[in-house]
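Asks: The amino acid sequence is not available; the structure is as follows:
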DNA sequence: GTCTATAAGAGGATAGAC
DNA sequence: GTCTATCCTCTTATAGAC
């Protein structure tokens, strides 16, 4: 990918310190108050930098937001380090489920959802970039696993149905809890484990 | 509830025509571009009214947004007129599922989700008001039905589990399709019916 | 109640010195 | 590359006439 005019000008040897300051400051501000309410002034203040320094690194406000989303979506949604040790399908699914729920309800993920969805109708690209870098990342992981289970592990699960089952499984986990979090409603920690257990139970009962 | 200063001054006999114009204009603007990008100027222009007229009816921009969300959430999410004729549980669940999916993915619902979630961290009240008037409305309906099924219809479904199953059932239906819609990704109409069918199948297999 | 006109200020973006 | 100072537009909100 060639470097476009206005893209971050980062030294090839070491990321500029200022650029790093701007990145993390903008990240905090945008994810905290959202794109609209965030001002370049407040980003500059938080980064201990002048506004024109920001414009030296990023073409404009939209490009800055875009860069932040693309940079942060992957680490937030890709950090699913689930122990693969166990061969017990039920336990494995439960581990995956718990990890996924924790990821989706983490403050960082919730803030990013809010910020991106708000801008999705104005900047169509940002919606797609986020969806591909974020939610689909976890989906692919689970798709692969259910695909494997279709061949060996869950006898009643046809290979053709595997992706759909993976989709429904994940949807059960986030679902209402996710909407509640996005709406700023208090979480119900006890409920999470019940949901995970029941989602696993539904799938296991149907396909094993 | 007593009328607070700045609240809409609506004649007790008939809603003022101007107030109605402002309401529907603001609704269109806010849901189209979101709270931040919407200006009182554009609302006034769309309503064929001056800005000061708006401020005569609503205290400020936030209160106007608040009034619109509360007024619109109910009709958008409460319009679940599902035919109750059939006694066939499977068919009944499929009808409920289809109706729910169509509601959640309708342009009005998607726009409202976007607008509200964007403001949820700034105006905590709006998140709660929306959640109670919108999503929970459909939930209660389904909760009641699953409660009834627990007593008669689905022998393996305990009354204590009914609300949780209702929750998971709905989560499966909206789930990823909803997130995709919010991210402005194109919908997959064929997928919807598959999802509904499989969600019903999962529940029926486990509890009947 | 409604309008025109305007105050008051914030925000994005840039010019020019260093 | 970075800063200070500034431009200009847009926005919320109000004052005062009718």
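Replies: That came through fine. Small disclaimer: the values here were computed from a predicted structure and weren't measured. Numbers count the residues shown, from 1 in each chain, chains lettered A, B, ... in the order given.

Asks: only C-alpha atoms for contact and neighbour calcs from this point on.
Replies: Will do.

Asks: host element of residue A:187?
Replies: Using DSSP states H and E, residue A:187 falls within no helix or strand.

Asks: Share the number of residues neighbouring it, please.
Replies: For residue A:187, the count of nearby residues is 13 (other Cα atoms under 10 Å in any protein chain shown).

Asks: Likewise for residue A:70?
Replies: Neighbours of residue A:70 (other Cα under 10 Å): 16.

Asks: Also residue A:152?
Replies: By other Cα under 10 Å, the residues close to residue A:152 number 11.

Asks: ok, it to DNA strand D distance?
Replies: 54 Å (Cα to the nearest atom of the strand, to the nearest Å).

Asks: State which helix of chain A is the longest.
Replies: Scanning chain A for the helix with the most residues, using DSSP state H, yields helix A:162-182.

Asks: Any residue of that helix touching chain B?
Replies: Yes: Helix A:162-182 lies within reach of chain B by Cα under 8 Å from any Cα of the partner chain, at A:164, A:167-176, A:180, A:182.

Asks: any idea how far residue A:75 is from residue B:205?
Replies: Distance check for residue A:75 against residue B:205: by Cα to Cα, to the nearest Å, it reads 38 Å.

Asks: so which of the residues of helix A:162-182 next to chain B comes closest to residue B:20?
Replies: residue A:182 (30.4 Å; Cα to Cα).

Asks: Surely that closest one and residue A:109 touch.
Replies: No: using Cα atoms under 8 Å, residue A:182 makes no contact with residue A:109, being 9.7 Å away.

Asks: Show me which residues of chain A are close to chain B?
Replies: Within reach of chain B by Cα under 8 Å from any Cα, chain A has these residues: A:32-34, A:36-37, A:114-118, A:120-122, A:124, A:127-128, A:130-131, A:164, A:167-176, A:180, A:182-185, A:195, A:199, A:202-203, A:205-206.

Asks: if you set the cut-off to 6 Å instead, what comes out?
Replies: A:36, A:114, A:117, A:118, A:120, A:127, A:168, A:171, A:172, A:175, A:183 (Cα under 6 Å from any Cα of the partner chain).

Asks: For the fourth one, what are phi and psi?
Replies: Just to be clear, that refers to residue A:118. Main-chain dihedrals, residue A:118, degrees, to the nearest 10: phi -60, psi -30.

Asks: so what's it up against?
Replies: B:114, B:118 (Cα atoms under 6 Å, 6 or more residues apart in numbering or on different chains).

Asks: Quick check: pLDDT value at it.
Replies: For residue A:118, the model assigns a pLDDT of 95.

Asks: can you map out the helices along chain A?
Replies: Under DSSP H, chain A gives helices at A:17-33, A:40-47, A:51-57, A:61-78, A:89-105, A:107-119, A:124-133, A:135-151, A:162-182, A:189-207.

Asks: Pipe the ones you listed into a markdown table and attach distance to residue B:62 per row.
Replies: Listed next are these as a markdown table, based on distance: least, Cα to Cα, whole Å:
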| stretch | distance to residue B:62 |
| --- | --- |
| helix A:17-33 | 15 |
| helix A:40-47 | 22 |
| helix A:51-57 | 29 |
| helix A:61-78 | 24 |
| helix A:89-105 | 27 |
| helix A:107-119 | 16 |
| helix A:124-133 | 26 |
| helix A:135-151 | 31 |
| helix A:162-182 | 19 |
| helix A:189-207 | 32 |
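
Asks: Tell me which of these approaches residue B:95 most closely.
Replies: Ranking the helices of chain A by proximity to residue B:95 (Cα to Cα) places helix A:162-182 first, at 18.2 Å.

Asks: Going by contacts, tell me the helices and strands next to the closest one.
Replies: If you count contacts as 3 or more Cα pairs under 6 Å, 6 or more residues apart in numbering or on different chains; DSSP states H and E, helix A:162-182 packs onto helix A:135-151, helix B:162-182.

Asks: which of the ones you listed has the lowest average pLDDT?
Replies: Per-stretch mean pLDDT for these is lowest at helix A:135-151 (a mean of 92).

Asks: Contact residues of chain A facing DNA strand D?
Replies: Neighbours of DNA strand D within chain A, by Cα under 7 Å from any atom of the strand: A:9-11, A:16-19, A:48-53, A:56-57.
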